[in-house]
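**Student:** no sequence on this one, just coordinates:
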């Protein structure tokens with residue numbers, strides 16, 4: 001009896017690499033940008049986008065200044081517990097992100113839309129995490 005197996009991690013790419021910068025906007029206007037999440041592996045995977053915990057945001061800001069990490073990167077040790085219900089849209093300040101969850105087949109890709117609606121004057125910055133798990 002011959003038995004074999006191959007173990008792999010989920011392989012993916014996120015384009016563009018963070019940060020996403022909408023630049024200066026006129027109050028009351030909306031801009032949209034797209035992020036491409038691509039499965040570069042041989043296994044299906046699921047993704048879920050959520051806001052970074054406040055502690056993680058502070059640590060990301062510090063390490064980003066030191067040039068060590070990117071906000072889109074997943075940090076397993078700092079993940080929030082996610083509820084079993086999923087949201088179609090994630091609203092964070094001036095930003096709306098959709099879809100916030102889904103699955104991607106091997107060599108497939110998913111476009112994730114990030115909208116910015118400048119409702120008020122000032123700067124708005126948020127940190128998002130993408131959790132990628134096997135099926």
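**Tutor:** In hand now; what should we look at? All of these numbers come straight from a predicted model, not from anything done at the bench.

**Student:** what are the buried residues along stretch 114-121?
**Tutor:** Buried positions in stretch 114-121, judged by neighbour count with 16 or more other CB atoms under 10 Å: 114, 115, 116, 117, 118. Every residue, glycine included, has its C-beta placed from N, CA and C.

**Student:** report the helix or strand with the lowest average pLDDT across the chain.
**Tutor:** The weakest-scoring helix or strand in the chain, judged by mean pLDDT, DSSP states H and E, is helix 54-65 (a mean of 51).

**Student:** can you pull out the residues in contact with the next helix or strand after that helix?
**Tutor:** Counting by DSSP states H and E, the next helix or strand C-terminal to helix 54-65 is strand 90-92. The contact list for strand 90-92, computed with CB atoms under 8 Å, 6 or more residues apart in numbering, reads 49, 50, 51, 96, 97, 98, 100, 126, 128.
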